[in-house]
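Q: predicted model, plus sequence, below.
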Amino acid sequence: MRVWRLIAGTLCLAGCASTGDITHNKPTFQASTAKLDSVYAACVHTRWMAISPTARIVETPIALQVVARNATTNIEELLVIHSKAAGADVVLYERMEVLALRAYRDVAKACL
């Protein structure tokens, strides 16, 4: 029983990994929107939930993030939304830029 608790604890800690490693990738999409950061994030989050039920909004001290997780790679998609005086700047990072994941990019563009 102790072994299973140890394994479960290790998996939980692995799930808390930072999003920092994905931001070392080149952004696959960058844009600006006239929408408030929270309005844009809500639009993207709602639509990403249809693709991945694990999608969530994370508020950091400097930005809003919409994150889609994958069971094997942790962070699959990361959309960083920086508020500015008139709207927001958005940057999308993807673990892998593949055609199958294009739906995330399409949503990020559609919500602008």
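A: Received the coordinates, thanks. These figures come from a predicted structure and were not determined experimentally. Numbering: from 1, shown residues only.
Q: give me the contacts around the lengthiest helix in the chain.
A: Across the chain, the longest stretch assigned as helix under DSSP state H is helix 37-51. With contacts defined as C-beta atoms under 8 Å, 6 or more residues apart in numbering, helix 37-51 is touched by 33, 35, 55-57, 63-64, 66, 68, 77, 79, 81-83, 87-88, 90, 103-104, 107-108, 110-112. To be clear about C-beta, it is placed using only N, CA and C from the backbone, and glycine gets the same treatment.
Q: if you set the cut-off to 7 Å instead, what comes out?
A: 33, 55, 57, 64, 66, 68, 79, 81, 83, 88, 90, 103-104, 107-108, 111 (C-beta atoms under 7 Å, 6 or more residues apart in numbering).
Q: quick one: what helix or strand has the residue nearest the centre of the chain in it?
A: By C-alpha atoms, centre = their mean, the chain has its centre lying nearest to V67, at 2.2 Å. According to DSSP states H and E, V67 maps onto strand 64-70.
Q: output that strand as CSV, restricted to C-alpha atoms.
A: Only the C-alpha atoms of strand 64-70 are listed here, as CSV (Å, rounded to 0.1, in the frame of the first residue of the first chain):
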residue,chain,number,x,y,z
LEU,A,64,-3.5,35.4,-17.9
GLN,A,65,-2.7,32.0,-19.3
VAL,A,66,-5.0,29.5,-20.9
VAL,A,67,-3.4,26.0,-20.6
ALA,A,68,-4.3,22.7,-22.1
ARG,A,69,-2.7,19.7,-20.5
ASN,A,70,-1.9,16.3,-21.9
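Q: so which bits of that strand are buried?
A: Applying a neighbour-count criterion of 16 or more other C-beta atoms under 10 Å, one finds L64, Q65, V66, V67, A68, R69 buried in strand 64-70.
Q: out of those, which comes closest to T23?
A: Nearest to T23 among the buried residues of strand 64-70 is Q65, at 10.1 Å by C-beta to C-beta.
Q: thinking again about what came up before, farthest-separated two in the buried residues of strand 64-70?
A: Across the buried residues of strand 64-70 (C-beta to C-beta), the longest gap, 16.6 Å, separates L64 and R69.
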